[in-house]
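J.: sequence first, predicted coordinates after that:
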Amino acid sequence: MESLLEIILSPEAPPPIGPYSQAVRSRDFLFCSGQIALDPASGEMVQSTIEDETKQVMKNLRGVLAAGGATFANVVKTTIYLTNMADFAAVNRVYETGLGTSRPARSTVQVAALPKGARVEIECIASLA
């Protein structure tokens with residue numbers, strides 16, 4: 001029986017820092033793991049401003065989506081994790097710019113902590129149909 005799952009790995013995003021994949025394609029959907037502001041070239045966190053962090057997160061997501069044959073126009077759902085809800089407006093501005101005209105469904109939640117001291121993490125699901 002043919003596998004229904006395809007593991008996606010992009011050099012345009014940091015490699016996984018644990019036992020997971022950057023993304024998994026299942027039939028007509030691409031499930032992208034949460035991205036934090038790790039620079040794929042250096043492996044270091046981009047931690048100057050919340051805007052800079054969010055720009056790197058969106059850049060990483062763009063790379064994973066591209067490797068899976070998608071763009072932000074294909075994204076149907078995102079989840080944003082913030083360590084401080086006071087950063088919501090700044091993150092939202094960068095997120096909106098990164099998405100272009102796409103307007104997927106979204107949840108935003110505050111969490112106690114994120115890997116590597118990140119302040120923002122974003123995951124998404126894209127439709128490839």
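T.: Arrived safely, thanks for sending. Residues are numbered from 1 along each chain as shown.
J.: where does the protein dip in pLDDT?
T.: Within the chain, the stretches with pLDDT under 70 are 1-2.
J.: neighbours of Ser3, how many?
T.: Each residue near Ser3 was counted by other Cβ atoms under 10 Å, and the total is 7. Heads up, the C-betas are built off the backbone N, CA and C, glycines and all.
J.: ugh, typo on my part, it should be Val64
T.: Around Val64 there are 25 residues (other Cβ under 10 Å).
J.: need the contact list for it.
T.: For Val64, the contact set (Cβ atoms under 8 Å, 6 or more residues apart in numbering) comprises 8, 10, 12-13, 22-23, 32-33, 35.
J.: among these, which lie within strands?
T.: Per DSSP state E, strands hold the following members of these: 8, 23, 32-33, 35.
J.: quick one: contacts for the residue nearest to Gly117 when sequence neighbours are not counted?
T.: With Cβ to Cβ, 6 or more residues apart in numbering as the criterion, Gly117 has its nearest non-adjacent residue at 6.6 Å, and that residue is Met45. Met45 is in contact with 36-39, 53, 116-118, counting by Cβ under 8 Å, 6+ apart.
J.: right, and the pair among the ones in strands among the contacts of Val64 with maximum separation?
T.: Across the ones in strands among the contacts of Val64, the longest distance by Cβ to Cβ is 12.6 Å; it joins Ile8 and Gln35.
J.: which of these two has more neighbours?
T.: Neighbours were counted for Ile8 and for Gln35 using other Cβ under 10 Å; Gln35 has more, 25 against 21.
J.: in which helix or strand does the residue nearest to Gly98 when sequence neighbours are not counted reside?
T.: Residue nearest to Gly98 in three dimensions, not counting chain neighbours: Met58, with 3.6 Å by Cβ to Cβ, 6+ apart. Using DSSP states H and E, Met58 sits in helix 50-67.
J.: C-terminal to that helix, what's the next element?
T.: On the C-terminal side of helix 50-67, the closest following helix or strand by DSSP H and E is strand 75-82.
J.: export that next one to CSV, keeping only CA atoms.
T.: Below are the C-alpha coordinates for strand 75-82, written out as CSV (Å, rounded to 0.1, in the frame of the first residue of the first chain):
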residue,chain,number,x,y,z
VAL,A,75,-3.2,28.5,3.8
VAL,A,76,-6.6,27.7,5.3
LYS,A,77,-5.7,27.9,9.0
THR,A,78,-3.0,29.3,11.2
THR,A,79,-2.3,29.2,14.9
ILE,A,80,-0.2,31.9,16.5
TYR,A,81,1.4,31.3,19.8
LEU,A,82,2.6,34.4,21.8
